[in-house]
Structure formats: structure tokens, C-alpha cells
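[1] Provided below are the primary sequence and the corresponding predicted coordinates.
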Amino acid sequence: MRLKMLNVKKENIMKYRVWFTIITLFTAILVNAQLSESQLQKIDSLFINWNIPNHPGGVIGIAQSDQILFLKAYGLASLEYLVPNSTGTRFNIASVSKQFTAMGIVKLDLEGKLSVDDDIRKYVPELPDFGETITIRHLLHHTSGLRSLHALLGLAGWRSDDRRTNEDLYRLMQNQRSLNFTPGDEYLYCNTGYMYMAKIIETVTKQEFSEWMKSSIFEPMGMTSTYVENKYNRVVAQNATSYYGSQENGFERAVEYWDYVGSGNIHSTVNDLLKWMSDFSHPKTGWEKHFKKLQTLDSLNNGNKNDYAFGIRIGDYEGITSIGHGGSIGGFRSNVITYPDKELSIVIVTNFSAGSPDQKTNAISEIIFGETENEESTRSTSEIKTIRIPKKVLANYEGSYWSDAEIVVRKIYLRNDTLRYFRSEKNESPIVPVGKDEFQMLNVPDKIIIKFEIIESQKSMITTVNEQEPSTYREFEPIDPAHANLSDYTGDYFSPELETLYSITLQNDTLYTHQSRHGDSPMTMIMKDLFRGEWPFNVVRFRRDKNGNITGISVTNGRVRNLWFEKLLSGVI
């Protein structure tokens, strides 16, 4: 009996391998002669490691003027059942979904059913009045100042694999008392804004978001395999399973928990996405104004440029205008880009976290447009006119710098005759001298200039990215915790905005935060009353009254800034 079962299993595996080979050969020939054989081989070689046994993969599509130039599936959609990806496999496209939500808003705007300049409280009056007008336009551009979903839930004690819905977010947002910044002042990516736009669409249309998107966006666009997923445990045919990990370290299944919509969780195929991207070049009849409005760019309040339009990023590659977006959820990764002037679109979707579709999209662009020196990709010393500065002089710039506006610490240190700009472990960049007290950062896509100045008798670092508004960092002397009275910081801290309690305790000369679901996490002292912690307590600043008594803490973790936790009196919970 056991031998018979083994033979059946062996026979099934052979069937899967034959099926996989047939699909791979079939999809490999779906190409148009507009790409040379050499280009096809180079593109295919980018994904060759996705086709090794027992490996997840994805689907790649390239189209020009509605003609498929390249369409091929790689790897497995299911490692458990050895089911291969096919060109018809659906993937969760994560934040690539945002442009579809944005199109829903644009459609209603052009129909006169709402205006992108409306105050959002017109449609969601239950949202607190923050003393500032937040418009739908702010939500579209990520300039609303609203605190973002996952960062909020993390601080509230949610773990990364907890089920989360739009209703969970709305409930939390009703308790919020402040914004990250004044609307329009900054760009800060915010899933909350796109989830509220789903609610606005439902309020205006009186329909469920998923149903309205199907009938009003997907079906008119001919996207018959695309849908909004608002029930993560639903069974839908031809959906890939996603995985974390790599071939070297092994794969594990990404447990699905996501039930929120508006900001993500649209499932689609490469064929459907290519149809959509082609509409940026030659939109379907009656949709010309829609796709044009989707590309709306508006400046920040200070006049600085924001390249995030309505659910899409607008940039360029070697002077060629590009429109695109990336996405990440669980193990799914996606990247879509179109070059409307060339009528060329590239779509990559994967079902494993190490798929790096954004890098592969760039590599495909280089193959198609020609491998040229792109100074925006990475900046090496040979591309920048540097000056020589003695090592002793370079050492004068070393130090730790703090930005009140950015709420981050940056460290400058010298290694191998080169200054290093240190953000965190495994995240630093060399900087090279280009003028008196002026340096330029290497190996980054942007032009980042760093100038050192003395401001109010204090050494300061001024950082400018692509000639935008500069950020100022002031040097400070890190405090040795042994010389600080750490016991002053201990106690219980409660957030009325999150209805969540954290305790701060002292253990072996180290402060720890404790939350019932996150457990204990250490904090490192940066300066007096300022600590760096672990997610979700990234930066913790203790606040004092005029008598020097600690009254509470402000916590920042990227997309949430200065969230208040009040220190409770001893014995009060």
C-alpha cells in the first residue's frame, strides 16, 4: 500500500513538471518581433532563477501599442501543491491598487458627484476636526498629514499578522487628536488616505466599494480578471499564494490577514494590468479626461515639487516620461510602469518577497532603451567632481546629528579615508567632498548635498535632496546612560488615542518598554529625554512640566509622529 502511494505521488509530480514545461514553452513564444532575439534572451535571463525547482516566481509582461512583446510565467504559484504560475494567474497587486481607487474618485469628480477639493469631512463627518481642512486632493497626493494604518495599529498593540479591516482603521481614527503635519506641507505616504477614499466612494455611490469598482472601473476597462478582495479567506480560482524568504534561507508562507481596501488588495493578472497601462498612451473613448486628470501634479504649500500624482508616480528614465507604482503585501511584490510617449508598458508581479520587481523593471528598461549611463541610478565618485581634503580635516565633521523636524538621528563617521552617512545598521552611504564644507552622497538615486555650518554656535548639518527644501540637523553629544537617572523614566504610559497602555521598566541598567502583545523591547538613550527603541516605539521623547517632572512621552515611528502617551500616577491604571 505504501509503495502504491509513493508511486501515485511520484506520478503526480511528473504530471506537474510536464504541465509546467508546457505552460513555460507556450508563454515563451507569445512575443512580438519588435524585440530582438538578444533583447528577449537578456530579459528572460533576469528571471532564470525563478524557474528553479520548488521556487515561487511571477509573471512578466511587456506591451507596446496594444501588442504583446513579451509575456511569460515563471516558478510556482503554490509550493505546497507544485502548481506553476501561468499568464492567467492572479496576484495581489498591493499598493498598485491605489491608482484604481484614485480613478474612482476622478470618475466621480468628472461626473460632478464630488470635487477633489472637497473637505473630506463632508463625506466622513465622524472624522475628528483637527483644526485644518483636509481635502480629497490631499488624500490623493499623500499630503493630508493623517497618521497611517500599519504604524498606528502597531502602536496600538497589533501584531503584523492580525486581521485588519477598514472599520478597524476608522474606529482608531475617531480618537485621533492631531496630525503628523499641516495638510499640504509635506508628502508622507499614507494608506489611511486611500482607505478613506474607498469610504467616500461608498458614501457617494451608495454601493459597496468592491461592487462599484467592478461595474464602474474594471468592466469598462476590459479587466475581466481583476477584483477588489475584501475577504482574505475567500477562495477564488487562479490566485497565487505568497511566500517570504529565499532559496538560500528557505521559504515560508505569508499568512494572509488583510481585509482592508482602497489602499491595496486588488487582485489582477498581467494581461489586465497591461490593458490598463496602455490607456495612459491612448485611452479608451470617453476616458481621455480621466487618464489626464489622474496625472495631476500639485506643489506643496511651500511651492516645492511633489511627483506623486493621483495614485501614480510620475518620473522619467533618461529623459523619457514614466508613470508607475510599486506594491508590497505579504510575500506579493508588484511593479507597473508605462512610458506613454513610447506607448511601452512593463508589468511584473511576483509571489515571493525577494522578487525585487522594481529593480527588474529598471533592468528591462535598460535592455529596451539601451544601456546608457544613468546618473540618477547611482552616483559614483567618477561622476562627481570631488576635491581632496586631508583625513584630519574630514575627522572634524564626525558626530551625531539630530533633526527636530524629521525626528531622526544621523551619524557621520570616518572609515577608510571616506566619511559615511549612517542611518542604521546596514543602511549607510559614503559622502565625498565637492566644495568647502560641502559633500555629495554616493550610491543613491537622488542628488543629495550635505553642508556643514555653524548655526547659533552649534555645528549643524544641512541636507538637501534634489534642490528641495533642506533639512537641518544639529550636532549633539550622546549621553552615557550610566550618568543618567534612568529610574526617572519608568512608569505606566497610556494613550487615549489608541486606548493602549505601555509600561517602561528598568532592567540591568537598560530601559524596556512592555506591551501585553509586543512583550519587552529595549531602548537606547540618544540624549537627555530622547531614546531610540524597536518597532513600533522607534523614537521616544519624554516630556516634562515646568518643574522638571515627566508628564508623558511622544512616540514616532515613521508614518506616525509625536503620538501622545500620558504618564499615569503611581497605582492608577
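    Received the coordinates, thanks. Here the structure is a predicted model, which means the values were calculated and not measured.
[2] What ranges does the stretch 451-573 of the chain have for its helices?
    Counting by DSSP state H, counting those that start in this stretch, the stretch 451-573 of the chain has no helices at all.
[3] Gly58 contacts Ala354, correct?
    No. Gly58 is beyond contact range of Ala354, at 11.2 Å (criterion: C-beta atoms under 8 Å). No exception for glycine: its C-beta is placed from N, CA and C like everyone else's.
[4] which residues of the stretch 201-350 of the chain score low on pLDDT?
    For the stretch 201-350 of the chain, applying pLDDT under 70 flags no range at all.
[5] Gly58 and Ala354: which has the busier surroundings?
    Taking Gly58 and Ala354 together and counting by other C-beta atoms under 10 Å, Gly58 has the greater number of neighbours (28 against 17).
[6] all strands of the stretch 1-150 of the chain, in order?
    Assigned by DSSP state E, counting those that start in this stretch, the strands in the stretch 1-150 of the chain fall at 58-64, 67-74, 76-78, 83-84, 91-92.
[7] whoops, I mixed them up, the stretch 451-573 of the chain
    Going by DSSP E, counting those that start in this stretch, the stretch 451-573 of the chain shows strands at 458-465, 471-476, 491-495, 500-507, 510-515, 519-527, 530-532, 539-544, 550-556, 563-567.
[8] Columns distance to Pro390 on top of the ones you listed, output as TSV?
    As requested, the strands of the stretch 451-573 of the chain are exported to TSV (distance: least, C-beta to C-beta, whole Å):
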stretch	distance to Pro390
strand 458-465	19
strand 471-476	21
strand 491-495	49
strand 500-507	45
strand 510-515	39
strand 519-527	30
strand 530-532	33
strand 539-544	35
strand 550-556	38
strand 563-567	46
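[9] out of those, nearest to Tyr421?
    For Tyr421, the closest of those is strand 458-465, at 8.7 Å, according to C-beta to C-beta.
[10] What average pLDDT does the closest one get?
    The average pLDDT within strand 458-465 is 94.
[11] again, but for stretch 174-189
    When pLDDT is averaged over stretch 174-189, the result is 96.
[12] Okay, buried residues for that stretch please.
    Using 16 or more other C-beta atoms under 10 Å as the test for burial, stretch 174-189 gives Gln176, Ser178, Leu179, Asn180, Phe181, Pro183, Gly184, Asp185, Glu186, Tyr187, Leu188.
[13] cool, stretch 305-322 as well?
    Asn306, Tyr308, Ala309, Phe310, Gly311, Ile312, Ile314, Tyr317, Ser322.
[14] now swap in stretch 515-532 and tell me
    Gln515, His518, Ser521, Met523, Met525, Ile526, Asp529, Leu530, Phe531, Arg532.
[15] Stretch 322-330 too?
    Buried, per 16+ other C-beta under 10 Å, within stretch 322-330: Ser322, Ile323, Gly324, His325, Gly326, Gly327, Ser328, Ile329, Gly330.
[16] Leaving out chain neighbours, which residue sits closest to Leu139?
    Spatial nearest neighbour of Leu139, excluding adjacent residues (C-beta to C-beta, 6 or more residues apart in numbering): Gly193 at 3.5 Å.
[17] what about the one you found, neighbour count?
    Under the neighbour criterion other C-beta under 10 Å, Gly193 is assigned a count of 27.
[18] what's near enough to touch Phe209?
    Ala198, Lys199, Ile201, Glu202, Val228, Asn230, Val261, Gly262 (C-beta atoms under 8 Å, 6 or more residues apart in numbering).
[19] Between those residues, identify the one with the most neighbours.
    Gly262 (31 neighbours).
[20] which element is that one on?
    Following DSSP states H and E, one finds Gly262 outside all helices and strands.
[21] For it, which non-adjacent residue is closest in space?
    Ala198 (3.0 Å).
[22] Specify the local secondary structure of the one you found.
    Secondary structure, DSSP: H, G, I helix; E, B strand; the rest coil: Ala198 is helix.
[23] before we move on, what about the one 5 residues further on?
    In terms of secondary structure, Thr203 is helix; the call rests on three-state DSSP.
[24] so what's the residue lying closest to it once chain neighbours are set aside scoring on pLDDT?
    Closest residue to Thr203 apart from its sequence neighbours, by C-beta to C-beta, 6+ apart: Tyr123 at 4.7 Å. We have a pLDDT of 98 for Tyr123.
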